[in-house]
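Colleague: Pasted the sequence and its predicted model underneath.
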Amino acid sequence: MARHIVARTTDIPPGGNKVVGIDGRDIVVFHVNGEFFALLNRCPHEGAPLDKAACVARLTSPEPGVYQRSRVGELLRCAWHGWEFDMRNGQSWFDPKRVKVRSYPVAVESGEELQKGPYVAETFPVHIEDSYVIVET
Amino acid sequence: MSDVIDRPTFEQEASAKTRLRIIDCDIHPSLHSRADLNPFLPKRWQEHLKTYGDHLRTPYFGTTPYPRSSPLIARRDAWPPTGGPPGSDLAFMRKQHLDPLEIEFGILQVLDLFIFSQQNLECGAAIQRAINEWQLANWCSREPRLKASILVGQDDTALAIAEIERCAKTGQYVQINVSPRANEPLGRRRYWPIYERAQELGLPLGIHVGGYGGHAPTGGGWPSYYCEEHQSNAHTMAAQLASLVIEGIPERFPKLKIVFIEGGFGWIASAMWRMDRHFERFRSEVPHLKRRPSEYVREHFWFTTQPIDEPDDGRHLRSLIEWVGVDRLLFSSDYPHWDFDDPRFAFKTPLTEAERAKIFNANARALYKL
């Protein structure tokens, strides 16, 4: 498993994302509710780029006229046909058995830790005082 | 894992296929703002719109009756970086759609301004004329891949025909568009002069879903949700297919070609079966029909593919295609709207190269004489 430093934590604002190219794949890294998540940047339906998806809440409704929101910002709603995915694991909300977006483990580590290595595709000058987002592929 | 997620990536799929260039029969250009039309709109109507505004046959003023699934019903990635609404920037349309998907020709379908829903028919005709001119000036003259349709409101037949004559003289338009939701069903006698002229000019009659004709969008009344209303696109088209066929339009105008746009095609086989069955039983009621309704459909009608049906089992899509007939289908993307179909991935069933060539190019090329 290779570990890639893809961004300073401050590079991706809360609610934002960053697309990084790793080994010829576009991977999108989201920052939401203090956590980072990484997914293949491609909807499994018709290939739309997921960095353009809306970050929405899980919306459930026990009956007409009553609804509840939870996990605000952690559900992706694809920019094209509105297919929804769980940012945390890429699972489809409406068809979890058949459809999934590839997800990748993410870690946040301090510059001090990172100086120990080993890492590939290290495109960032690493400073001890900063923290970094690491994607494992 | 499912076949859906294990599909090959863009690059692999694009290179594996022979280079088939695509004719996209449904592309939506947009105005930046209504002021874009002023160069084409007589002062009288500019003043009229400023003073009185629109009077639309829709139940709410200044908005659609249903909240759409995304802003301006568009793909969220289709907003041009230069500003303006999706579909308003030709350079961005080239970069995002025409070039990467290798679109050889795109047929423009303008939906802005509730173009067919103006209650003041003269005002509607002025807007349609302005839109028709705007299509040539702002799109077709700058991008030869894009082809315009003549938009006319069929409820004032004389104004519609005058506009058809004006546009046809230019030789720049490939189709005459009327609304699927006018005052009466499309097969009614009052609209026949338009069909007669379309036939003489050799221009297909295009019917794109949408709009509001002052009636509820379904035969069952007003839906509660957008998700529910969206079904009515197909219902409306099914009603219009029955009207056009059973009122005898193909019998009366045997060279007229009719294109149903964005109504899907999953329902057509069933509609044909039912019409044939009823024709056998009630042919004395409609003696102007000389042949089975399905024969008229299979010779005079074409159907664009988007929004394509997505049954759980891909073989069922295959059956739908076979039932309506590969010769009747025209690929359409609906760019830049949210329910866009990507020509590389929308068909979740295998097609032969010959079938692909027809659906994605040859059928439209012959129909529109491209």
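Modeller: Noted; the coordinates are in hand.
Colleague: For the worst-scoring helix or strand of chain A on mean pLDDT, C-alpha coordinates in PDB please.
Modeller: The weakest-scoring helix or strand in chain A, judged by mean pLDDT, DSSP states H and E, is helix A:111-114 (a mean of 78). Provided in PDB are the C-alpha atoms of helix A:111-114 (Å, rounded to 0.1, in the frame of the first residue of the first chain):
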ATOM      1  CA  GLY A 111       4.700  17.300   9.500                       C
ATOM      2  CA  GLU A 112       6.900  16.000  12.300                       C
ATOM      3  CA  GLU A 113       5.500  12.500  11.800                       C
ATOM      4  CA  LEU A 114       5.800  12.700   8.000                       C
END
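Colleague: what's the burial count for residue B:139?
Modeller: With neighbours defined by other C-beta atoms under 10 Å in any protein chain shown, the count for residue B:139 comes to 20. Using the backbone N, CA and C atoms, a C-beta is placed for each residue, glycine as well.
Colleague: of all the residues in chain A, which ones are close to chain B?
Modeller: A:42, A:44-49, A:52-54, A:79-82, A:98-101 (C-beta under 8 Å from any C-beta of the partner chain).
Colleague: coming back round to it: now do the least confident helix or strand of chain A: distance to the chain's middle.
Modeller: 22 Å (C-alpha atoms, centre = their mean, to the nearest Å).
Colleague: List the buried residues in it.
Modeller: Neighbour-count burial for helix A:111-114, counted by 16 or more other C-beta atoms under 10 Å in any protein chain shown, picks out A:111, A:114.
Colleague: Stretch B:201-219 now?
Modeller: Applying 16+ other C-beta under 10 Å to stretch B:201-219 flags B:203-213, B:217 as buried.
Colleague: again with stretch B:28-41
Modeller: Under 16+ other C-beta under 10 Å, the buried positions of stretch B:28-41 are B:28-31, B:36-37, B:40-41.
Colleague: any idea of the mean pLDDT in it?
Modeller: Stretch B:28-41 shows a mean pLDDT of 94.
Colleague: is it anywhere near chain A?
Modeller: No: applying C-beta under 8 Å from any C-beta, one finds stretch B:28-41 separated from chain A by no less than 14.4 Å.
Colleague: Kindly check the end-to-end length of that stretch for me.
Modeller: Stretch B:28-41 has an end-to-end distance of 21 Å (criterion: C-alpha to C-alpha, to the nearest Å).
Colleague: Which residues are in contact with residue B:67?
Modeller: By C-beta atoms under 8 Å, 6 or more residues apart in numbering or on different chains, the contact set of residue B:67 is residue B:226.
Colleague: how far away is it from chain A?
Modeller: The gap separating residue B:67 from chain A is 13 Å, by C-beta to the nearest C-beta, to the nearest Å.
Colleague: Name the SS class of that residue, please.
Modeller: coil (DSSP: H, G, I helix; E, B strand; the rest coil).
Colleague: any low-confidence regions in chain A?
Modeller: A:116-125 (pLDDT under 70).
Colleague: Make sure residue B:37 is indeed in a helix.
Modeller: Yes: counting by three-state DSSP, residue B:37 is located in a helix.
Colleague: Longest strand in chain A, please.
Modeller: strand A:66-77 (DSSP state E).
Colleague: Specify which member of the buried residues of stretch B:28-41 is nearest to chain A.
Modeller: Closest approach to chain A among the buried residues of stretch B:28-41 (C-beta to the nearest C-beta): residue B:28, at 14.4 Å.
Colleague: Identify the residue nearest the closest one in space, chain neighbours excluded?
Modeller: residue B:87 (5.0 Å; C-beta to C-beta, 6 or more residues apart in numbering or on different chains).
Colleague: Keep only those of the buried residues of stretch B:201-219 that are in strands.
Modeller: B:205-208.
Colleague: ok, back up a step: out of the residues of chain A next to chain B, which end up buried?
Modeller: Buried, going by 16+ other C-beta under 10 Å: A:42, A:44-49, A:52-53, A:79-82, A:99-101, out of those.
Colleague: Show me what the least confident helix or strand of chain A packs onto, helices and strands only.
Modeller: For helix A:111-114, the packing partners by 3 or more C-beta pairs under 8 Å, 6 or more residues apart in numbering or on different chains; DSSP states H and E come out as strand A:131-136.
Colleague: who does the strand it packs on pair up with?
Modeller: strand A:3-8 (antiparallel), strand A:106-110 (antiparallel) (DSSP bridges).
Colleague: So which residues make contact with the shortest one?
Modeller: In this case it means strand A:106-110. A:3, A:9, A:29, A:36-38, A:128, A:130-136.
Colleague: Of those, which pair is most distant in space?
Modeller: Comparing every pair within the contacts of strand A:106-110 by C-beta to C-beta identifies A:37 and A:128 as the most remote, at 25.8 Å.
Colleague: the more surrounded of those two?
Modeller: Legend: neighbour count by other C-beta under 10 Å for residue A:37 and residue A:128, higher for residue A:37 (22 against 10).
Colleague: between the helix or strand containing that one and strand A:66-77, how many degrees?
Modeller: Assigned by DSSP states H and E, residue A:37 belongs to strand A:35-40. Relative orientation of strand A:35-40 and strand A:66-77, computed by axes from the mean of the first three to the mean of the last three C-alpha atoms, to 10 degrees: 60 degrees.
Colleague: What helices and strands are in contact with strand A:35-40?
Modeller: strand A:25-32, strand A:103-104, strand A:106-110.
Colleague: Quick one: closest of these to residue A:73.
Modeller: So among those, strand A:25-32 is nearest, using C-beta to C-beta, at 4.4 Å.
Colleague: which parts of the closest one are buried?
Modeller: A:27-32.
Colleague: Out of the residues you listed, the closest to residue B:240 would be?
Modeller: Once C-beta to C-beta is applied, the member of those that ends up nearest residue B:240 is residue A:28, at 42.8 Å.
Colleague: need the contact list for that closest one.
Modeller: Residue A:28 sits in contact with A:17-20, A:38-41, A:49-51, where contact means C-beta under 8 Å, 6+ apart.
Colleague: beta partners for it?
Modeller: residue A:19, residue A:39.
Colleague: Tell me how far it lies from residue B:214.
Modeller: 45 Å (C-beta to C-beta, to the nearest Å).
Colleague: Near the closest residue to residue A:25 other than its chain neighbours, how many other residues are there?
Modeller: In this structure, residue A:25 finds its nearest non-sequential neighbour in residue A:40, 6.3 Å apart by C-beta to C-beta, 6+ apart. By other C-beta under 10 Å, 19 other residues sit near residue A:40.
Colleague: repeat for residue B:227
Modeller: 10.
Colleague: Please report the distance of it from chain A.
Modeller: 10 Å.
Colleague: Tell me the secondary structure of that residue, please.
Modeller: From three-state DSSP, the assignment for residue B:227 is helix.
Colleague: next one: residue A:46
Modeller: coil.
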